[in-house]
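Asker: just coords:
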């Protein structure tokens, strides 16, 4: 009988096989409309047959990212989405039998990677008022801890941390020899960042992605920042050419176009404010903290509403357990998208 890694053998995974092209996608925090067509066309015009025939070169992008974040080239590695960076972090620093500390709920893949690499998943729950008590995170960090992962803002709720809380967590993790990861997937919807702290701590990694505000989820590109020694380990574990040339071209262009960033931010913010106003006036219990999403508690069972909306090619997300059981999450985008959702939803609930 052939060998199968025991951590992989019985690992439960959810696969996505649904056709997503012709629906209003408000379930995975993508931009359902994508970047402006004129920007897309401008970038595509720079793509040549030679570029596609050549192995990817990401040095120029890494230099640009380093300059924008006010650190050195050695502090960053570009990856195939922040998903790849997560996997590489577990591959490099996820010692089997050690603890992964996260909050719950959070991005599901962290629990998947914990199981994949044989780590124990220690979850800190939200308080009833949808806040996180950082002292509980601190209490969970001990000699058994290998990795601590926190999202800022934390999807799916949007809670954010104070700098003194994060510094205390990083310091305690450093004292016990643990790595801290701050996932800033929603940074561009919430400007405060813990990126500068990589200059102060040698056990901190910060993740960013081009999938959310930059509307490039289909290209799979992101990056990880941290102490040069940590980045060196991650790059040793990477594939030789881990990011494709088209993704690199798009990333270079969108990072250099500050007007695009402002336009995409303003478009999403207008839609989020409009939807929040409708929910408030209609008397729904809702959460609109930080990030491109709004949560609310509907009158009818959430699963029923999700199913009915899907028949109208509108996809949103609900939760079946935990503190968000029965809640619906809507990815926020332009006011036009939010109006389409709201008009369909109010006919059902």
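Answerer: Here it is on my side, so go on. Bear in mind the structure is a predicted one, so any value in this text is a computation, not a measurement. Numbering: from 1, shown residues only.

Asker: CA atoms for contacts and neighbours, from now on please.
Answerer: OK.

Asker: Break down the protein into its strands, ranges please.
Answerer: For the chain, the strands defined by DSSP state E occupy 24-25, 76-79, 99-104, 120-125, 145-151, 179-183, 204-209, 222-226, 285-287, 293-297, 314-315, 317-318, 328-331.

Asker: Out of those, the one nearest residue 261 is which?
Answerer: strand 204-209 (13.7 Å; Cα to Cα).

Asker: Mind naming the longest helix for the protein?
Answerer: Among the segments of the chain that qualify as a helix by DSSP state H, the longest is helix 258-281.

Asker: and that one, average pLDDT?
Answerer: Throughout helix 258-281, pLDDT has a mean value of 95.

Asker: Show me what it is packed against.
Answerer: Helices and strands touching helix 258-281, by 3 or more Cα pairs under 8 Å, 6 or more residues apart in numbering; DSSP states H and E, are strand 285-287, strand 293-297, helix 335-345.

Asker: ranking these by burial, who's on top?
Answerer: strand 293-297 (a mean of 22; mean count of other Cα atoms under 10 Å).

Asker: quick one: average pLDDT of it?
Answerer: Mean pLDDT, computed over strand 293-297, is 97.

Asker: re earlier: any residues touching the longest helix of the chain, and which ones?
Answerer: 35, 188-189, 213-214, 254, 285-286, 288, 292-294, 296, 332-339, 342 (Cα atoms under 8 Å, 6 or more residues apart in numbering).

Asker: Buried residues in that helix, which are they?
Answerer: 260-261, 264-265, 268-272, 274-276, 279 (16 or more other Cα atoms under 10 Å).

Asker: List the contacts of the closest residue to residue 297 other than its chain neighbours.
Answerer: Leaving aside its chain neighbours, residue 297 sits nearest to residue 327 (4.6 Å; criterion: Cα to Cα, 6 or more residues apart in numbering). By Cα under 8 Å, 6+ apart, the contact list for residue 327 reads 295-298, 302, 318-319.

Asker: can you list these in a markdown table and add distance to residue 66?
Answerer: Shown next, in a markdown table, are these (distance: Cα to Cα, whole Å):
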| residue | distance to residue 66 |
| --- | --- |
| 295 | 35 |
| 296 | 38 |
| 297 | 42 |
| 298 | 44 |
| 302 | 43 |
| 318 | 38 |
| 319 | 38 |
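
Asker: pLDDT value on the residue nearest to residue 297, please?
Answerer: 97.

Asker: In the stretch 101-250 of the chain, where is pLDDT below threshold?
Answerer: Along the stretch 101-250 of the chain, no part satisfies pLDDT under 70.

Asker: at 90 instead, please
Answerer: For the stretch 101-250 of the chain, residues meeting the criterion pLDDT under 90 lie at 155.
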